[in-house]
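1. sequence plus predicted model, see below.
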Amino acid sequence: MRARRNRKSSSGAPDLSRRDLLKGLGLAAAGAAVPPGCATPPTARAAPALRRVGPGPTSVAFTLNGKRTRVEVEPRLTLLDVLRERLDHTGAKEVCDRGACGACTVLLDGRPVNACMVLALDCEGRDLLTIEGIGTPESPDRAQRAFCETDALQCGFCTPGMVTSIYALLRRHPDPTLAQVREACAGNLCRCGTYPKVFEAALRAARERKG
């Protein structure tokens, strides 16, 4: 049988035959078929496995407005679903359900988040504050009182989210500038257009806190 010689192209590089090409493709396919575990370094294989949850209800515990709370939830439920439907905390409103309007704003570990975009299971061991925990009709927070005094609400549907965002701002910056107030409210939509009054309320609450 006559030995096959490697041919070269006009550029001097080896000219691969159809058989060489198919052989290379076969080796590549065999490498891709190696089970993932066989190619995983020992250090990666030693990593702890994630805990499986669902599809049935799973227990989740967190602190809600200063009170330790435990509830059974389906893994698919958002924090907003659980607050409104399981825990009867209806201050956070469901409007867009896609994180665009801010009506469902709550504080998670002190930071404003859209409750419709957070899974309830992700709140395990964390601290939650809703509008119900900021103040009451008998003892309102300065931000809540300032909203009433400056007429910073009309239909009131967006107000809980607005107040929560302003409350978080005043905790971070007790004496904010107008620009900081605007930035803090950037994720909260008001279809009634009461933004000037909202800004006025925030600055008034800041002055009261400072005084």
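-> Received it, and whenever you're ready, just let me know what you need. Residues are numbered from 1 along each chain as shown.
2. hang on, Tyr148 is in a helix, isn't it?
-> Let me fix one detail, which is that residue 148 is Cys and not Tyr. Yes. Assessed with DSSP: H, G, I helix; E, B strand; the rest coil, Cys148 lies in a helix.
3. show me where this protein has its helices.
-> For the chain, the helices identified by DSSP state H occupy 18-32, 36-39, 42-45, 79-81, 131-134, 142-149, 159-172, 178-184, 195-210, in order along the chain.
4. average pLDDT for the first one?
-> The average pLDDT within helix 18-32 is 59.
5. could you do the longest one as well?
-> Per-region confidence: helix 195-210 scores 94 on mean pLDDT.
6. buried ones in it?
-> Tyr195, Lys197, Val198, Phe199, Glu200, Ala201, Ala202, Leu203, Arg204, Ala205, Ala206 (16 or more other CB atoms under 10 Å). Placement of C-beta: from N, CA and C, glycine included.
7. how about JSON lines for these, with distance to Gly110 added?
-> Converted to JSON lines, these look like this (distance: CB to CB, whole Å):
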{"residue": "Tyr195", "distance to Gly110": "25"}
{"residue": "Lys197", "distance to Gly110": "26"}
{"residue": "Val198", "distance to Gly110": "21"}
{"residue": "Phe199", "distance to Gly110": "22"}
{"residue": "Glu200", "distance to Gly110": "25"}
{"residue": "Ala201", "distance to Gly110": "21"}
{"residue": "Ala202", "distance to Gly110": "18"}
{"residue": "Leu203", "distance to Gly110": "22"}
{"residue": "Arg204", "distance to Gly110": "23"}
{"residue": "Ala205", "distance to Gly110": "18"}
{"residue": "Ala206", "distance to Gly110": "18"}
